[in-house]
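Asker: pasting a predicted model and its sequence here:
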Amino acid sequence: MSRAPQSDYVRERKTLRALALAPVASTDELVGNLARIYTDVHERDLGRYPSAEFQHAAPEIMTEMFLMRAALHDRIGEWQAQGLMSREAQHALRDTLRVLRYASDMMGEVHAQFASGDDSDPVQRAFSEVSYNTFVHPRFDTGTNLDFRSGDVLLVRGTKHNSAAIARIGDVDSQFSHVAIVHVDENGRSHLVESLIESGAGIQPLQAALAHRMARAVLFRHRDPEVAARASRLIYEHVRRANETGGRPILYDFTMKLAGAERMFCSKLVRIAYLDASDGKVKLPAFTTRFNATNRDFYRRIGVKAEESFAPGDVEIEPAFDLVAEWQDYRYTAQVRHQDLIMTKLFEWMEMHGYRFEEDFGVRLIALIGRFSTRLSRTAQDLVASLFARIPPHMPRRTIATIVMLHKTAQPLLEDLQHQERLKIATEGRPLHPREVFDHLEQARRRGLGRLGYLVAPRKSRRAAAKRA
């Protein structure tokens, strides 16, 4: 008789949650505990469990993993007060939260019988109750529909390759590409205030935003409701006035610099809201993202000038906020996981092997059309929007070209991984493990002989690869 996952996998997860709750007296002890959790989850082989029993146990396992993420997040303030949140501890915590979420996603995919989605499928509204898509922290679970409050911060992940690039752009492998702030007006109507690459700072109804196609969303709430309400009101009014007739629209800030308020990127908008509301006392983020100096060429191409900044994923370990709820669409979690891992490898190849994006005539033409299309008709803009959203008039030509090359390089790799995963599911009833994904990507790099799409290795490396072939 086979051993049920409930008596093994779930029990082991509960043991790890106890480790997450264990008191620590030093940074080394904290990092060690987090490393144990990460290693155990990362090295777990789903093939050791019977697929039918594993599918039945998936909801319990997913719930346990969410509770472990919640338990870790609840302790960040305590660890910060103890002086334990060193850079090493920050990275260990982010790594652990990431691997727990990936493992939970894979359980959800098993439970959903590996359903996949495309643009023709109905959009699931975030935080709607659809077969274990939503998890609510026990402290905020009232048994009724999730409520949104002024000042709540929504951390999300889109399904495009440039979303994966934003999530992986710094020294931290995040799973999120965008952040925004909720405002509930005097009439009880909920809005989302945000800054988007294509349109700058703007406002849209919250329910419309939640119905956009995205893979995951996490809701955070500041612990001071008065500061939170003031932050949402101030930034809502500021953005509303900027977008009125005669106002001065707030363009997107590609530099990622925290100084100045004339232009804003998404997390900078949230930062300014809380800075203004607290008279400068709430300074987000507590823990920044840094940009690796070895990859400066890529940062220049996309317009980043900061050496460190407030990336969307930094919200996940912000000690001033409580984790309220998480939502994910299991039709897309495998896709964005693969996109994440592709970007991890692309950036690694740039940093370790000197790969760089190399434009050709076609890319230069697309970038030129993209720049001019902002002054042409909506139809002309739609030609470029097939690759990414509306192009703002101040987006540099080089940035447009880089987004195009990123998409055209990553998409064939994604399609190959999706094919490999379908084979894995058909033969073994389980998805690809991230280490298997990395193996496939390294094989693709070796086959490319120094060129993958528009990503090209130094000439010396290409000659050496050709000789080895």
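Answerer: Received, thanks. Residues are numbered from 1 along each chain as shown.

Asker: from now on I want contacts and neighbour counts done on CA atoms only, so please keep to that.
Answerer: OK.

Asker: so the residue nearest the centre of the chain, which state does it fall into?
Answerer: What sits nearest the mean C-alpha location of the chain, by C-alpha atoms, centre = their mean, is residue 176, with 1.5 Å. With DSSP: H, G, I helix; E, B strand; the rest coil as the basis, residue 176 sits in coil.

Asker: what's it sitting at in phi/psi?
Answerer: Torsion angles at residue 176 (phi, psi; degrees, to the nearest 10) stand at phi -130, psi 150.

Asker: let me know whether it touches residue 316 as I believe.
Answerer: No. The pair residue 176 / residue 316 is not scored as a contact, 9.1 Å apart, by C-alpha atoms under 8 Å.

Asker: if I look at residue 182, how far off is residue 209?
Answerer: Separation of residue 182 from residue 209 (C-alpha to C-alpha, to the nearest Å): 11 Å.

Asker: give the residues shared as contacts by those two.
Answerer: Residues touching both residue 182 and residue 209 by C-alpha atoms under 8 Å, 6 or more residues apart in numbering: residue 192.

Asker: neighbour count winner among those two?
Answerer: Neighbour count, other C-alpha atoms under 10 Å: between residue 182 and residue 209, residue 182 has more, with 31 against 15.

Asker: for the residue nearest to that one when sequence neighbours are not counted, helix, strand, or coil?
Answerer: Ranked by C-alpha to C-alpha, 6 or more residues apart in numbering and with sequence neighbours excluded, the top spatial neighbour of residue 182 is residue 192, at 4.7 Å. Recorded secondary structure, residue 192: strand (three-state DSSP).

Asker: before we move on, the earlier item: distance check, the residue nearest to the centre of the chain against residue 399.
Answerer: Using C-alpha to C-alpha, we find residue 176 at a distance of 20 Å from residue 399.

Asker: same check, this time on residue 229
Answerer: With C-alpha to C-alpha as the criterion, residue 229 and residue 399 are 36 Å apart.

Asker: next one: residue 343
Answerer: Taken as C-alpha to C-alpha, the span from residue 343 to residue 399 is 17 Å.

Asker: more neighbours, the two?
Answerer: Taking neighbours as other C-alpha under 10 Å, residue 343 and residue 399 compare with residue 343 leading, 24 against 19.

Asker: tell me the pLDDT of that one.
Answerer: Residue 343 is assigned 95 on the pLDDT scale.

Asker: now do residue 251
Answerer: Note on residue 251: pLDDT of 94.

Asker: state the mean pLDDT of stretch 101-108.
Answerer: On average, stretch 101-108 scores 93.

Asker: contacts for it?
Answerer: Taking C-alpha under 8 Å, 6+ apart as the rule, stretch 101-108 contacts 41-42, 55, 58-59, 61-62, 65-66, 132-133, 328, 330, 333-334, 337, 431.

Asker: can we see that at 7 Å?
Answerer: Stretch 101-108 is touched from outside by 58, 62, 65, 330, 333, with contacts defined as C-alpha atoms under 7 Å, 6 or more residues apart in numbering.

Asker: what's the answer for stretch 175-195, then?
Answerer: Taking C-alpha under 7 Å, 6+ apart as the rule, stretch 175-195 contacts 149-158, 163-164, 166-167, 201-206, 232-233, 236, 252, 264-267, 269-270, 312-313.

Asker: quick check: longest helix in the protein by residues?
Answerer: helix 397-428 (DSSP state H).

Asker: I'd like the next helix or strand past it.
Answerer: Proceeding N to C from helix 397-428, the next assigned helix or strand is helix 434-448, under DSSP states H and E.

Asker: alpha carbons of that following helix, as PDB, please.
Answerer: Provided in PDB are the C-alpha atoms of helix 434-448 (Å, rounded to 0.1, in the frame of the first residue of the first chain):
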ATOM      1  CA  PRO A 434      13.100  24.400 -11.700                       C
ATOM      2  CA  ARG A 435      16.400  22.600 -11.800                       C
ATOM      3  CA  GLU A 436      15.200  20.700 -14.900                       C
ATOM      4  CA  VAL A 437      14.200  24.000 -16.500                       C
ATOM      5  CA  PHE A 438      17.700  25.400 -15.800                       C
ATOM      6  CA  ASP A 439      19.200  22.300 -17.400                       C
ATOM      7  CA  HIS A 440      17.100  22.700 -20.600                       C
ATOM      8  CA  LEU A 441      18.100  26.400 -20.800                       C
ATOM      9  CA  GLU A 442      21.800  25.600 -20.400                       C
ATOM     10  CA  GLN A 443      21.500  23.000 -23.200                       C
ATOM     11  CA  ALA A 444      19.900  25.700 -25.400                       C
ATOM     12  CA  ARG A 445      22.800  28.100 -24.600                       C
ATOM     13  CA  ARG A 446      25.400  25.500 -25.600                       C
ATOM     14  CA  ARG A 447      23.500  24.600 -28.800                       C
ATOM     15  CA  GLY A 448      23.400  28.300 -29.600                       C
END
